[in-house]
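[1] Here is a sequence together with a model predicted from it:
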Amino acid sequence: MIYISLGSNLGNRINNLNMAVNLLTQSCLRNSKSSIILETEAILPDNTPPSWNKPFLNMIVAGETDLSPDALLITMKSIESDMGRLAIYEKWAPRIIDLDILLWDELEINTPQLTIPHPELSTRPFLQHLLALMEVQPWTKMPLTNSFSKSFVLNPAIVGVVIALNIEVNISYNDR
């Protein structure tokens, strides 16, 4: 099972997430399911422009694919581009859509282009909360620590979470 995080803090964020999920399921994911949507504060370093401080809507979609990790990454970058995200952008700048591979079964990859598990997973409690809600398989290897987590912890009082939205994304399924 592949777990992909989706985030948006520009434009109609709900529509952006919905479009990205549908593009993923139409192009490369099957047997997919999605998490709830959390609104979180932007994670920004000091000295970033105040105009970048826009809250994100975040969610996770899980599914299976026949693509290789590199091919999935290329597909995800194409979806981001098709939705209006610039190929070159400042790291912390607001974005229409942000897609990241968080986990892929027990796969570990560390290349200049792709790191699985996602290197920031252990520092983003809201992602761990969403994974817990999706009942991610136990004994998942946690990034950076080389330790295995029996499960992700549900934590409704996560720092940075503004609100949990009870909105379902409409997933268009295709028979592939």
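    Yep, that arrived. All of these numbers come straight from a predicted model, not from anything done at the bench.
[2] Check which element follows the longest strand anywhere in the chain along the chain.
    Counting residues, the longest strand in the chain under DSSP state E turns out to be strand 56-64. Downstream of strand 56-64, the first helix or strand assigned by DSSP states H and E is helix 69-82.
[3] Okay, now the sheet partners of the longest strand of the chain, with direction.
    Paired strands of strand 56-64, with direction, are strand 2-8 (antiparallel), strand 30-34 (antiparallel), strand 37-40 (antiparallel) (DSSP bridges).
[4] and the longest one with helix 69-82, angle?
    It stands for strand 2-8. For strand 2-8 against helix 69-82, the angle by axes from the mean of the first three to the mean of the last three CA atoms, to 10 degrees is 20 degrees.
[5] Run through the neighbouring helices and strands of the next helix or strand after strand 2-8.
    Per DSSP H and E, the first helix or strand lying C-terminal to strand 2-8 is helix 13-27. Applying 3 or more CB pairs under 8 Å, 6 or more residues apart in numbering; DSSP states H and E, one finds that helix 13-27 makes contact with strand 2-8, strand 30-34, strand 56-64, helix 69-82. In this view, the C-beta of every residue, glycine as well, is placed from N, C-alpha and C.
[6] Helix 13-27 vs strand 30-34, what angle?
    160 degrees.
[7] hmm, what's the outermost residue in this structure?
    residue 47 (25.4 Å; CA atoms, centre = their mean).
[8] Isn't residue 87 up against residue 81?
    Yes - between residue 87 and residue 81 there is a contact at 6.2 Å, judged by CB atoms under 8 Å.
[9] Just want to know which of these two has more residues nearby.
    Neighbours were counted for residue 87 and for residue 81 using other CB atoms under 10 Å; residue 81 has more, 12 against 7.
[10] which ones are touching the more buried one?
    residue 87 (CB atoms under 8 Å, 6 or more residues apart in numbering).
[11] Got the confidence number for it?
    On pLDDT, residue 81 comes in at 94.
[12] go on, residue 106?
    Confidence score, pLDDT, at residue 106: 82.
[13] For it, the count of nearby residues, please.
    Neighbourhood size, residue 106 [other CB under 10 Å]: 12.
[14] same question, residue 30
    13.
[15] what about it, distance to residue 105?
    Distance, residue 30 to residue 105, using CB to CB, to the nearest Å: 15 Å.
[16] try residue 55
    32 Å.
[17] for residue 114, same thing?
    Here residue 114 is placed at a distance of 15 Å from residue 105 (CB to CB).
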